[in-house]
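Asks: Can you look at this prediction? I've put the sequence above it.
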Amino acid sequence: MDHFEQMLEKYAELVIKVGVNIQPGQVLLVQSPLETVDFTRQIVSKAYEAGAKYVQVDWDDEKVTRIRYEQAPEDSFAYYPKWQADMMEQLAEGGGAVLHIKVPDPELFRGIDSAKVSTAVKAAAVAREKYQAYVRSNKVSWSLIKAPTRAWANKVYADLPEEERVPAMWEAVFRMNRVDSGDPVEAWRDHIAELKKRQQYMNDKRYKSLHYRAPGTDLRVEMPEGHLWLGGGDLKEDGVYFVANMPTEEIYTMPLRTGVHGTVSSTLPLNLNGRLVEGIKLTFKDGKVTEYDAVSGREHLTSLLETDEGASYLGEMALVPHDSPISLMNRVFYNTGVDENASCHFALGSCYPVNIEGGTKLSKEELLAKGGNVSLTHVDFMIGSDQLDIDGELPDGTVEPVFRAGKQPFAVPTADSSRAAPALQPVPPQPRSM
């Protein structure tokens, strides 16, 4: 076995043991691009080694997707198969897991009518609303991971000779996921423990608002009472720990739906379902976007904001130091799942109910009443840089620095053993901690 095959096997083992943390007897759905077939086969093998009962692979071909948008009749785009949504719901209700290799081509919909894409995205969101509620409430173990495709590599590594681009992308994916360490699973345990220390620090502080300042940004964001910072991974309802995004460098929480005031500017391009949006500028009043613009792709931003009422409110705020390992790679990856881990970011749309005490047991109406946002969509956009300062307001009104020049100006205290990262190997069911 050569070095690359060894790395591929280590990566597959990592996403099974750490990402979805497959349990004996569990069913796994893998959603995979055709180009990643060798890696996908490794994932299937590692899943069965971990005791999976059954592994289903759903293959995705972006050329087929493109053909639909070029040739399908107009009424195609408002259609989403109910049987597909039913399958996802049944998988979640049966305690299954979902592993999604998510690497959309940043140029996939170049020249395609944006209205077609927006209609299709909304139709899928409406059909999958119940399943997405399961995802956001941790009723299913899920993980979004990355693997190179030629289109993605060509965009990110356009400065290299064509034959070097995919290998360079694999090297980057291995590096950002710590696969190049001696023991990736142990490296992730240490990494999650560090994220948990940052999470606990912010939860102990109980800031009632954060004030962001940077070129083009002057934004005050309040947090609801009982908000919770999370990071690394979380517990599914049956007590199994999983990591939803690989890589991950963030800690994140829920903004108060009506408590966002001011202006914020993006610092990295946004790949919005295969459509690039750059130079985003949003103005908020009482939580809602009242003005917006973009240097390019403004029409795509418009369609996002028009998804539903909640799409014009924030659902997530995340802190990522500007010196994170991915930021230090000094490259734009045109993939939100990567770029958001190089930059502080916000998300327009739905909040995660896990970010407020007792949130997973709340109805939509109750979540709104607590200050959370509800929407069919959830789209992250990056706002971090080495010029970002953040101040935190404590419950007594004291203001203190949280970030300076894109970094935390404080040393996070060492976590005690009771706050260490949960076991990443399969663990027996236990009561949910919140």
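Replies: Great, that's in hand.

Asks: Going by residue numbers, what spans are helices in this structure?
Replies: Using DSSP state H, the helices of the chain run over 3-14, 37-49, 62-71, 82-93, 114-127, 129-136, 150-156, 162-176, 184-205, 298-305, 325-328, 336-339, 364-370.

Asks: among those helices, which is the most enclosed?
Replies: helix 336-339 (a mean of 23; mean count of other Cβ atoms under 10 Å). In short, each C-beta sits where N, CA and C put it, glycine included.

Asks: pLDDT on that one, on average?
Replies: If you average the pLDDT over helix 336-339, you get 94.

Asks: So which other helices or strands are in contact with that helix?
Replies: Secondary-structure packing of helix 336-339 (3 or more Cβ pairs under 8 Å, 6 or more residues apart in numbering; DSSP states H and E): strand 378-382.

Asks: ok, back up a step: need the helices of the chain in TSV with distance to Thr267, can you?
Replies: As requested, these are exported to TSV (distance: least, Cβ to Cβ, whole Å):
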stretch	distance to Thr267
helix 3-14	29
helix 37-49	31
helix 62-71	27
helix 82-93	34
helix 114-127	23
helix 129-136	26
helix 150-156	17
helix 162-176	19
helix 184-205	21
helix 298-305	15
helix 325-328	11
helix 336-339	9
helix 364-370	30
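
Asks: For Gly406, find the nearest of these.
Replies: Of all the helices of the chain, it is helix 325-328 that lies closest to Gly406, at 8.3 Å by Cβ to Cβ.

Asks: Which neighbouring elements make contact with that closest one?
Replies: Packed against helix 325-328 by the contact rule (3+ Cβ pairs under 8 Å, 6+ apart) you find helix 162-176.

Asks: For stretch 225-244, measure first residue to last.
Replies: Chord length of stretch 225-244, first to last residue, is 25 Å (Cα to Cα, to the nearest Å).

Asks: now do stretch 211-228
Replies: End-to-end distance for stretch 211-228, by Cα to Cα: 18 Å.

Asks: just stretch 277-292 next, same as before
Replies: 12 Å.

Asks: hmm, back to that, Phe403 is nearest to which of the helices of the chain?
Replies: Minimum separation from Phe403 across these (Cβ to Cβ) falls at helix 184-205, 11.6 Å.

Asks: Output that closest one as CSV, nothing but the C-alphas.
Replies: This file holds the C-alpha atoms of helix 184-205, laid out as CSV (Å, rounded to 0.1, in the frame of the first residue of the first chain):
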residue,chain,number,x,y,z
PRO,A,184,-5.8,11.2,13.5
VAL,A,185,-8.4,9.9,15.9
GLU,A,186,-6.3,10.9,18.9
ALA,A,187,-5.4,14.2,17.2
TRP,A,188,-9.1,14.9,16.9
ARG,A,189,-9.7,14.0,20.5
ASP,A,190,-7.1,16.6,21.5
HIS,A,191,-8.5,19.2,19.1
ILE,A,192,-12.1,18.8,20.3
ALA,A,193,-10.9,19.1,23.9
GLU,A,194,-9.4,22.5,22.9
LEU,A,195,-12.6,23.6,21.3
LYS,A,196,-14.5,22.5,24.4
LYS,A,197,-12.3,24.8,26.5
ARG,A,198,-13.1,27.8,24.3
GLN,A,199,-16.8,26.8,24.4
GLN,A,200,-16.8,26.6,28.2
TYR,A,201,-15.0,29.9,28.6
MET,A,202,-17.7,31.7,26.6
ASN,A,203,-20.5,29.8,28.4
ASP,A,204,-19.0,30.8,31.8
LYS,A,205,-18.8,34.5,30.7
